[in-house]
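Peer 1: Just the structure for this:
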Amino acid sequence: MNFLAHLYLSGDSEKVRVGNFIGDYVKGKKYEKYHPDIQRGIILHRNIDHFTDKHPLVLNSSKKLKDGYGRYSGVVVDLIFDHFLAKHWQNYHLLPIKDFVTSSHETLVKNYLLLPKKVKMFLPFLIQSRRLESYAYMDGLQTALDIMAKRTSLPDNSTYAIKSLEENYADFENKFKLFMEDILKYVRYEHNINVVTPNGWHPNEGK
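Peer 2: The predicted model follows:
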């Protein structure tokens, strides 16, 4: 899962949200220097990533991107799933996405001094561009892929990614919806993170 999903799956705790957001940038046991709830968020981030990377629905989706991304195809699936989360946000959270993103920005700014250096560097642009909301649109998704290609080892192949998504859109979308049911149950039962969706579905229903 990518930034939007990690923030979403953090529940109501601001500190857990901070930890889940910075999880990729805190290596090894360095998490131990943080506030206990931020530590909890970092561990939650790591476990969400492990759960996601091993999930059959994600692995199956990744196969559709292997030709263009190889071993990085799972990273692209993470972004594609954030696209669907943003697109269908009203089905997953009580707040409008604009308000949720603004609240998340405020939380990260409030805890700015605690953030790893790399996060401090990109956070202002992420806030200014409202990138988390832009995931809902194809051009926003492609921009996010282009940015990652410039700043990480992700192959610069966003046109291929968007074409693959468009050609398999219904399949990716269906797998995302099924996966969300599983990940919501996982964070509820394994990490005591409770998210109630607007349509009334609750992870307590049907373990």
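Peer 1: use CA for all of it now, contacts and neighbours both
Peer 2: OK.
Peer 1: for the record, mean pLDDT for the lengthiest helix in the chain?
Peer 2: The residue-count maximum for a helix in the chain (DSSP state H) belongs to helix 169-191. Taken as a whole, helix 169-191 has a mean pLDDT of 96.
Peer 1: now stretch 42-62
Peer 2: For stretch 42-62, the mean pLDDT works out to 97.
Peer 1: Centre of the chain to it, how far?
Peer 2: The chain centroid and the centroid of stretch 42-62 are separated by 11 Å under CA atoms, centre = their mean, to the nearest Å.
Peer 1: what's that stretch in contact with?
Peer 2: Identification of contacts with stretch 42-62 by CA atoms under 8 Å, 6 or more residues apart in numbering yields 1, 6, 16, 19-24, 26, 31, 73-74, 76-77, 172, 175-176, 179, 183, 187, 191.
Peer 1: now do stretch 10-28
Peer 2: Here stretch 10-28 makes contact (CA under 8 Å, 6+ apart) with 3, 6-7, 35, 37-46, 104, 107-108, 111, 115-116, 118-119, 193-195.
Peer 1: Pull out the buried members of the contacts of stretch 42-62.
Peer 2: 1, 6, 16, 19-23, 31, 73-74, 76-77, 172, 175-176, 179, 183, 187, 191 (16 or more other CA atoms under 10 Å).
Peer 1: Mind telling me what element Lys118 is part of?
Peer 2: According to DSSP states H and E, Lys118 maps onto helix 117-129.
Peer 1: hey, C-alpha coordinates of that helix in CSV?
Peer 2: C-alpha atoms of helix 117-129 as CSV (Å, rounded to 0.1, in the frame of the first residue of the first chain):
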residue,chain,number,x,y,z
LYS,A,117,15.2,14.0,6.8
LYS,A,118,13.9,12.5,3.5
VAL,A,119,10.3,13.0,4.6
LYS,A,120,11.0,16.6,5.5
MET,A,121,12.4,17.1,2.0
PHE,A,122,9.4,15.9,0.1
LEU,A,123,6.5,16.8,2.5
PRO,A,124,6.1,20.4,1.4
PHE,A,125,5.7,19.4,-2.2
LEU,A,126,3.3,16.6,-1.3
ILE,A,127,1.2,19.1,0.7
GLN,A,128,1.3,21.9,-1.9
SER,A,129,0.4,19.5,-4.8
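Peer 1: tell me the mean pLDDT for that helix?
Peer 2: On average, helix 117-129 scores 96.
Peer 1: With stretch 145-154 instead?
Peer 2: In this model, stretch 145-154 carries a mean pLDDT of 93.
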